[in-house]
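# Below is the sequence, then the predicted model.
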Amino acid sequence: MIAAADINISKIEKSKLNDINLENIPFGKYFTDHMLEVDYEDGEWKTPEIKPYQPLLLSPSTAALHYGQAIFEGIKAYKNADGEAYIFRPHDNFKRFNISAERMQMPQVPEDIFMEGMRMLIELDKNWIPQMEDHSLYIRPFMFSSDEMIGVKPSDKYKFMILLSPTGPYYSTPMRIYVEEKYVRAVPGGVGYAKAAGNYGGAMYATAQAKLKGYDQVLWTDAYEHKYVQECGTMNVFFIIGNTAITPNLDEGTILAGVTRNSTMVLLQEIGFKVEERALSIDDIIDAHKAGILYEVFGTGTAATISFIKELRYKDYIIEFNTDEWKTAPAIKTKLNAIRYGQLPDRHEWMYKI
């Protein structure tokens, strides 16, 4: 077991925090003073280090650069009104991280390294947590293969790291979404359920094409028929149809099991919605719209939290929403934020105190 005394700590001399305004800070642009780094060699994890944030020195033959063995997670930490720091559901992200590791033939990261390393790193840099609405400290654990050789095989060496980044809202305004019919994000039997770096690289071209049409993101559809909806950009997606909230199921392994997705399902049930995880076709969505019972469409994710969708386009059929009149997604977002900022009781034990 790794304890605090087992993690080597090197502190910076002067914090960068004094030079940064944390209000309305863009996502992923600034990083805190320290980072965690630990290597896997000879079949075991070495001593973790917390050190000043700094560049890595890598060989051009580093395996991850050639064969894509790289995974990551996204987690957030918040401060309540008393200034106490909490992480939102980190154990769920830890479990998902190792599910991704297994799929990508990478070693399991021990819970004590992941959790205690994260806790100590945030404890050291907790002054970087913004204490404003829709602001948080984004936590990025990641791992990549670090063998210095070219050869198509699982690496023998790996590097696990955690970075921290203060952030404001990911999507500051409601989105326009284009339903993708040509390109695919994932197929059954693939790595869609893993948080693998390549999933995001492979999605960029289709997203760029949608942006040329004036849209913010794509709604992915299945690989075989381009009929059943999957994820929305980098988010899970929910459709409020009548008194039912529907989100695509995870059965085929093409969709990430989102932590915010799960939290949203719990909160939707608490406010009286029937929640269904099932296949949902774009035809069903259009039929619901024509019938006047498609009320809201929104995305969920760690970075995005709850993101409103104001327009959905499929071929030449356009669905538009007045998000100012919405009730459900704003209610879920408000309740979720209230739990995270300590304004409501944490009845589900989602918050992990630093």
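Great, that's in hand. Numbering: from 1, shown residues only.
# For Ser59, give me its contacts.
Glu148 (CB atoms under 8 Å, 6 or more residues apart in numbering). Quick note: C-beta positions are derived from backbone N, CA and C, even for glycine.
# okay, now the residue lying closest to Pro52 once chain neighbours are set aside: neighbour count?
Spatial nearest neighbour of Pro52, excluding adjacent residues (CB to CB, 6 or more residues apart in numbering): Ile12 at 4.5 Å. By other CB atoms under 10 Å, the residues close to Ile12 number 15.
# secondary structure class for Ile12?
Following DSSP: H, G, I helix; E, B strand; the rest coil, Ile12 is assigned to coil.
# Average pLDDT for stretch 17-36, rounded please.
Averaged across stretch 17-36, pLDDT comes to 92.
# quick one: contacts of that stretch?
7, 11-12, 15-16, 48-54, 117-118, 120-121, 124-125, 127-128, 130, 132, 135, 137-138, 160-170, 303.
# could you flag which of these are buried?
Burial by neighbour count, judged by 16 or more other CB atoms under 10 Å, picks out 7, 48-50, 117-118, 120-121, 124-125, 128, 130, 135, 137-138, 160-170, 303 from the contacts of stretch 17-36.
# Any regions of the protein where pLDDT drops low?
Of all residues in the chain, those with pLDDT under 70 make up the ranges 1-5.
# need the helices for it, in chain order.
Secondary structure of the chain by DSSP state H: the helices cover 63-67, 90-103, 111-124, 197-212, 259-270, 282-290, 328-340.
# With distance to Ala77 as added columns, please give those in CSV.
Below are those laid out as CSV (distance: least, CB to CB, whole Å):
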stretch, distance to Ala77
helix 63-67, 27
helix 90-103, 9
helix 111-124, 6
helix 197-212, 22
helix 259-270, 14
helix 282-290, 35
helix 328-340, 9
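# Go through those helices and name the closest to Ser155.
helix 63-67 (4.5 Å; CB to CB).
# so what does that closest one touch, helix or strand wise?
strand 136-145 (3 or more CB pairs under 8 Å, 6 or more residues apart in numbering; DSSP states H and E).
# Contact partners for the residue nearest to Pro52?
33-34, 52.
# Need these in JSON lines (columns: distance to Glu102).
Converted to JSON lines, these look like this (distance: CB to CB, whole Å):
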{"residue": "Asp33", "distance to Glu102": "33"}
{"residue": "His34", "distance to Glu102": "29"}
{"residue": "Pro52", "distance to Glu102": "32"}
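# got the contact list for Ala288?
Counted by CB under 8 Å, 6+ apart, Ala288 has contacts 239, 241-242, 294.
# Buried ones among those?
Applying 16+ other CB under 10 Å to the contacts of Ala288 flags 239, 241, 294 as buried.
# Please verify my assumption that the last one contacts Ile240.
Yes: if you go by CB atoms under 8 Å, Leu294 and Ile240 touch, sitting 7.4 Å apart.
# measure the residue sitting furthest away from the middle of the chain to Tyr138 for me?
What lies farthest from the middle of the chain is Ala291; by CA atoms, centre = their mean that is 33.6 Å. Per CB to CB, to the nearest Å, Ala291 is found 40 Å from Tyr138.
# One more: Pro188?
Distance from Pro188 to Tyr138, by CB to CB: 31 Å.
# swap in Gln105?
27 Å.
# same deal with Ile293?
36 Å.
# Would you mind listing the buried residues in stretch 310-326?
Applying 16+ other CB under 10 Å to stretch 310-326 flags 310-314, 319, 321, 323, 326 as buried.
# ugh, wrong one, I meant stretch 14-33
Buried, per 16+ other CB under 10 Å, within stretch 14-33: 22, 25, 27, 30-33.
# Where strands are concerned, which of the buried ones among the contacts of Ala288 count?
If you go by DSSP state E, the buried ones among the contacts of Ala288 have 239, 241, 294 in strands.
# residues in contact with the first one?
Read it as Phe239. Residues in contact with Phe239 (CB under 8 Å, 6+ apart) are 245-247, 280, 285, 288, 294, 296-297.
# Turn those into JSON lines, including distance to Trp220.
Conversion of the contacts of Phe239 to JSON lines gives the following (distance: CB to CB, whole Å):
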{"residue": "Ala245", "distance to Trp220": "19"}
{"residue": "Ile246", "distance to Trp220": "16"}
{"residue": "Thr247", "distance to Trp220": "14"}
{"residue": "Leu280", "distance to Trp220": "13"}
{"residue": "Ile285", "distance to Trp220": "14"}
{"residue": "Ala288", "distance to Trp220": "19"}
{"residue": "Leu294", "distance to Trp220": "19"}
{"residue": "Glu296", "distance to Trp220": "19"}
{"residue": "Val297", "distance to Trp220": "14"}
